[in-house]
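# Would you be able to build a 3D model of this:
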Amino acid sequence: MSSQSPGALLDTSFLIDYTDRTPETKAFLTEYKGERNEPISIPTLVLYEMYRGRLHSDGPADIPDLDYKLRWANTVGFDRYSALEAAEIESELASQGELINGADILIAGIARRKEMLLVTADGDFSNVKSLDVFDVREDSVDSL
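Residues are numbered from 1 along each chain as shown. Sure, this is the predicted structure:
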């Protein structure tokens, strides 16, 4: 009996690229979800950032369209254990002089606590220790 991995957690930068139809995001999803059938989740914090971006844009917000485009992913909330993990991450980064924005610290807290692969399209998480990060712009899907 094989156990499935905790899966991947998608960062806002990944989803922005995904909604812009960046080929790297499609390649990751094809390999990770399509070929491997691994679970993929979006933190509710990331959904907030995506909704906020849509509502503050010059074009139509079209929240139902965004929800439809992301229907294939699970959602994961920010619980007390993720909060503790995020506080530890912030402390570690502060001691290194490498703080990142607060939302990214919370997202990293979720991923590290749940031992999920954090999938991003930027280097914001590179200094977070003991966090499995996959950058679709830098890493190859063959390395998964």
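
# so what secondary structure elements neighbour the lengthiest helix in the chain?
The helix that spans the most residues within the chain, counting by DSSP state H, is helix 80-96. Counting contacts by 3 or more CB pairs under 8 Å, 6 or more residues apart in numbering; DSSP states H and E, helix 80-96 packs against helix 102-113. C-betas here are computed from N, CA, C, even on glycine.

# from the chain's centre, how far out does the longest helix of the chain sit?
Taking the mean of its C-alpha atoms, helix 80-96 sits 17 Å from the chain's own mean (CA atoms, centre = their mean, to the nearest Å).

# Same question for stretch 16-31.
Taking CA atoms, centre = their mean, one finds stretch 16-31 lying 13 Å from the centre of the chain it belongs to.

# who's in contact with the closest residue to residue 118 other than its chain neighbours?
Distances taken as CB to CB, 6 or more residues apart in numbering place residue 111 nearest to residue 118, at 4.0 Å, with adjacent residues excluded. By CB atoms under 8 Å, 6 or more residues apart in numbering, residue 111 lies in contact with 9, 117-118, 131-132.

# out of those, which is most surrounded?
Comparing the contacts of residue 111 by number of neighbours (other CB atoms under 10 Å), residue 9 comes first, having 27 neighbours.

# Give me the contact list for stretch 33-49.
Here stretch 33-49 has contacts from 4-12, 15, 29, 32, 70, 72-78, 103, 106-107, 110, 116, 144, using CB under 8 Å, 6+ apart.

# Select from these every entry located in helices.
Using DSSP H, the contacts of stretch 33-49 in helices are 12, 15, 29, 103, 106-107, 110.
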